[in-house]
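Peer 1: Turn this into a structure:
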Amino acid sequence: MRHFLPLLLLPLLAACATPREACEARATKDLRVMNKLIAETRANVDRGYAIEREAYVTTGLQMCVGSAKENVGVRWCHRPETRYRTKQVAIDPGAEQRKLRNMIIKRDQLQREAQAQVAACKRAYPEG
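Peer 2: Predicted coordinates for the structure are as follows:
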């Protein structure tokens with residue numbers, strides 16, 4: 001549950017953003033995603049392998065509130081829990097290098113587009 005708390009706060013933080021900040025965030029979203037992917041791919045090339053998150057389901061014993069046919073109120077029950085583990089995955093270094101070069105070219109294009117869109121945001125919302 002503690003991992004979901006920041007996600008619950010995002011709408012509140014978004015509501016605090018000025019129209020200009022919201023416009024600029026939308027304008028640079030793809031660029032931020034591409035920068036994250038480039039950093040991840042560079043790390044994979046440097047390491048020589050990728051790291052992936054793998055989900056698995058386990059059960060945990062928890063206190064449950066509710067009614068069962070015989071038990072009403074608080075009882076122990078098994079609940080499925082999704083957990084994650086990391087695993088190393090082999091990569092083709094040549095293919096990763098090509099992918100990285102293509103992403104850098106795409107990032108440069110996205111950067112030019114984002115600069116133009118941010119400039120439009122500044123014109124549309126001069127107070128910011």
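Peer 1: how about the helices in the chain?
Peer 2: With DSSP state H as the criterion, the chain has helices at 5-16, 19-47, 93-124.
Peer 1: Mean neighbour count, mean pLDDT and distance to residue 78 for the ones you listed - can I get that in JSON lines?
Peer 2: Where you see a C-beta, it was placed from the backbone N, CA and C, and this is true even at glycine. JSON lines is the format used below for those (neighbours: other CB atoms under 10 Å; pLDDT from 0 to 100; distance: least, CB to CB, whole Å):
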{"stretch": "helix 5-16", "mean neighbour count": "9", "mean pLDDT": "59", "distance to residue 78": "25"}
{"stretch": "helix 19-47", "mean neighbour count": "15", "mean pLDDT": "96", "distance to residue 78": "36"}
{"stretch": "helix 93-124", "mean neighbour count": "14", "mean pLDDT": "97", "distance to residue 78": "42"}
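Peer 1: Nearest to residue 53, out of the ones you listed?
Peer 2: helix 19-47 (11.8 Å; CB to CB).
Peer 1: counting contacts, what elements does that closest one pack onto?
Peer 2: Judged by 3 or more CB pairs under 8 Å, 6 or more residues apart in numbering; DSSP states H and E, helix 19-47 is in contact with helix 93-124.
Peer 1: From the contact counts, what lies against the helix it packs on?
Peer 2: helix 19-47.
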